[in-house]
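Chemist: just need the structure, nothing else, for what follows:
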Amino acid sequence: MRIIRFDNKGWRTRFDRGFDEQNVARAADAFAYIWAETNPGGTVLVGYDTRFRGKDFAEVVGGVLASYGLRAMVSDASCPTPALGWSVARDEQAVGAVVITASSASCEYGGISARGADGGPMSSEFYEVATKIVSSVPIRDRGEVEHVDLMGPYLAHVMGSVDASAIADWAPSIVVDPMYGAAQGYVCDLLSQMGCRVSQIHGDPDTNFGGLHPSPVEPWVDKCEQAVLQTGGAFGIAFDGDADRLGMVDERGVFVEPYRVAPLVLDHLVSERQQHGRVVSPYACSAYIRRQAARLGCPLTAVPMGFTRIYHELLEGDVVLGTEGLGGISVPSHLNERDGIFAALLLVEACAQRQVGIAELVQDMESSIGSMHHVNKNIRLDPASIQSFRNILPGLNLRDVCGREPIYVGHADGLVLRFDDDSWVQLRPSRTESLVRAHAEAPNTRQAENMVEAACKSALQRLPLW
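Modeler: Numbering: from 1, shown residues only. Have a look, this model is predicted:
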């Protein structure tokens, strides 16, 4: 029997390596046991995305939950993770939720994760207990499940949360790319109801995702970029597999990097919607969000990488926006979880109220806070070398990168170096793979590339046998 170990995102693996009905039932059994012990008779919502057998797995989960005396309510259609989270948060009887999704992973993967009563992620303690009690034998008992419309109330809420009249007056042409994921149909219909002229691509049912990785970054957004140019669209919006993250394409068919998108949303929340509070982002966050927060008078709270760390800050209150820097944006006044659909509608509203495209929003922002360029690089190592890197990391201090001395050195999230011109570089070992993730941001691309190369070379040469 396959060993199931949960991380802070739940459990994810390939379909051909054990993500099947029996193991999904085992995972659901662990969740159900905990909820039944702490909240007997409570309601648990179950959602699923558009992956292979998503509906079937959701029914299995519902049956297992119901066998413990919990009220299991399974979505009557595929639904984005944010819609499930929002539904849980609005249901006073709900103690949590289970979602069948592997988010932005390729079609070969399946996943299952739990959500708390506020729609946010579960604690690491919850998953630690679940890992300890996973049964080696699939539970065979199944209870009766109920089916519920989760999408209707959610869509009505998000539509009522934006300035639909301003959007209708502007009536832009928009390309929507759900990347064969859970946003398909829903966002297109929403924008059409608000008077937009909408073209949807990658919206047909296809559990193979047409060969795409449902991740709203380049090169997977290439077709969206082309569609914007072909249709003369004002912009394009792409969503990952479960629609908790988004990507934007401007009217020129140019991809707008995620680190530019979050500051645009922040500006709209503060300047137009008069919301105020802290901004929460990772230690190695873009200078864009730091500068924009400072310009708008929003204190910045930095945390280690991972949305779970951001979520804990959201619970503390006084947060206007949380961003992981990868296209995931949380607006706590709406939901303590990332919601790509809501963030997209905020940007459509911002453009409609100002009667400009995304490119002009970016240009206006950069005229106020300057521009930066981001570079990413993954360095694959053998397991022994990646462990050696983890071992030396706490004492690793690079005093010179490209002839420059950092003004800040941090080890809370890998190695982070910052310089006096707001440029920075980060080296961080992956939590799940044998590789080092290197990121840098600088006033120009060449400088960022040089910083990544120099930092990697200086750090990795300290490894044995490197």
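
Chemist: now do the strands in the stretch 351-466 of the chain.
Modeler: For the stretch 351-466 of the chain, the strands defined by DSSP state E, counting those that start in this stretch occupy 373-380, 408-410, 415-418, 424-429, 435-442.

Chemist: between the fourth one and strand 373-380, how many degrees?
Modeler: Orientation of strand 424-429 against strand 373-380 (axes from the mean of the first three to the mean of the last three CA atoms, to 10 degrees) gives an angle of 20 degrees.

Chemist: what is the rounded mean pLDDT of strand 424-429?
Modeler: What strand 424-429 shows for mean pLDDT is 92.

Chemist: just grab the bridge partners of the closest residue to residue 389 other than its chain neighbours for me.
Modeler: Nearest non-adjacent residue to residue 389, counting by CB to CB, 6 or more residues apart in numbering: residue 429, 5.6 Å away. Every residue, glycine included, has its C-beta placed from N, CA and C. Legend: beta-bridge partners of residue 429 under DSSP bridges are residue 436.

Chemist: output the below-cut-off pLDDT ranges for this protein.
Modeler: Counting by pLDDT under 70, the chain has low-confidence residues at 465-466.

Chemist: domains in it, by residue range?
Modeler: Listed domain ranges for the chain are 11-150, 161-369, 373-460 (source: automatic domain parsing).

Chemist: okay, how far is it across the last one, tip to tip?
Modeler: The first and final residues of domain 373-460 sit 24 Å from each other (CA to CA, to the nearest Å).

Chemist: and residue 65, what does it touch?
Modeler: 28, 31-32, 35, 44, 46, 72, 98, 143, 145 (CB atoms under 8 Å, 6 or more residues apart in numbering).

Chemist: helix or strand: which one has it?
Modeler: In this structure, residue 65 sits in helix 54-67 according to DSSP states H and E.

Chemist: and the angle from the longest helix along the chain to helix 54-67?
Modeler: Longest helix in the chain by number of residues, with DSSP state H as the criterion: helix 21-38. Orientation check (the same axes, to 10 degrees): helix 21-38 against helix 54-67 gives 40 degrees.

Chemist: name the helices or strands packed onto helix 21-38?
Modeler: strand 43-48, helix 54-67, strand 94-100, strand 109-115, helix 124-133 (3 or more CB pairs under 8 Å, 6 or more residues apart in numbering; DSSP states H and E).

Chemist: give me the sheet partners of the shortest one and which way each runs.
Modeler: For strand 43-48, sheet partners with direction are given as strand 71-75 (parallel), strand 94-100 (parallel), following DSSP bridges.

Chemist: following the shortest one, which helix or strand shows up next?
Modeler: Scanning the chain past strand 71-75 towards its C-terminal end, the next helix or strand to appear is helix 81-90 (assignment: DSSP H and E).

Chemist: picking that back up, got the angle between the longest helix of the chain and helix 124-133?
Modeler: 120 degrees.

Chemist: circling back: in JSON lines: the domains of the chain, plus distance to residue 2.
Modeler: Listed next are the domains of the chain as JSON lines, based on distance: least, CB to CB, whole Å:
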{"stretch": "domain 11-150", "distance to residue 2": "4"}
{"stretch": "domain 161-369", "distance to residue 2": "21"}
{"stretch": "domain 373-460", "distance to residue 2": "17"}
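
Chemist: out of the ones you listed, flag the one nearest residue 5.
Modeler: The closest of these to residue 5 is domain 11-150. By CB to CB, the value is 5.3 Å.

Chemist: what ranges do the helices span in the stretch 351-466 of the chain?
Modeler: With DSSP state H, counting those that start in this stretch, the ranges of helices along the stretch 351-466 of the chain come out as 358-369, 383-392, 445-460.

Chemist: tabulate the ones you listed (JSON lines), appending mean neighbour count and distance to residue 109.
Modeler: Below are the helices of the stretch 351-466 of the chain laid out as JSON lines (neighbours: other CB atoms under 10 Å; distance: least, CB to CB, whole Å):
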{"stretch": "helix 358-369", "mean neighbour count": "17", "distance to residue 109": "31"}
{"stretch": "helix 383-392", "mean neighbour count": "15", "distance to residue 109": "21"}
{"stretch": "helix 445-460", "mean neighbour count": "18", "distance to residue 109": "28"}
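
Chemist: closest to residue 269 out of the ones you listed?
Modeler: Nearest to residue 269 among the helices of the stretch 351-466 of the chain is helix 358-369; the distance by CB to CB comes to 13.5 Å.

Chemist: give me the contact list for that closest one.
Modeler: 234-235, 248-252, 254, 256, 260, 263-264, 267, 288, 291-292, 295, 347, 350-351, 354, 356.

Chemist: what's the local residue count around residue 279?
Modeler: By the criterion of other CB atoms under 10 Å, residue 279 has 27 neighbours.

Chemist: may I ask you to confirm that it belongs to a helix?
Modeler: No. Counting by DSSP: H, G, I helix; E, B strand; the rest coil, residue 279 is located in no helix; its state is strand.

Chemist: how much space separates residue 441 from residue 143?
Modeler: Per CB to CB, to the nearest Å, residue 441 is found 51 Å from residue 143.

Chemist: could you find the closest non-adjacent residue to residue 251?
Modeler: In space, residue 251 is closest to residue 357, 4.3 Å off (CB to CB, 6+ apart).

Chemist: before we move on, what about residue 225?
Modeler: Per CB to CB, 6+ apart, closest to residue 225 is residue 253, 4.4 Å.

Chemist: for that neighbour, what are its contacts?
Modeler: Neighbours of residue 253 in contact, by CB under 8 Å, 6+ apart: 225-226, 228-229.

Chemist: residue 24: which of the strands of the stretch 351-466 of the chain is closest?
Modeler: strand 435-442 (28.5 Å).

Chemist: contacts for the closest one?
Modeler: The set of residues external to strand 435-442 that reach it, using CB under 8 Å, 6+ apart, is 259, 284, 286-287, 372-381, 386, 389, 414, 421-430, 448-449, 451-452, 455-456, 460.
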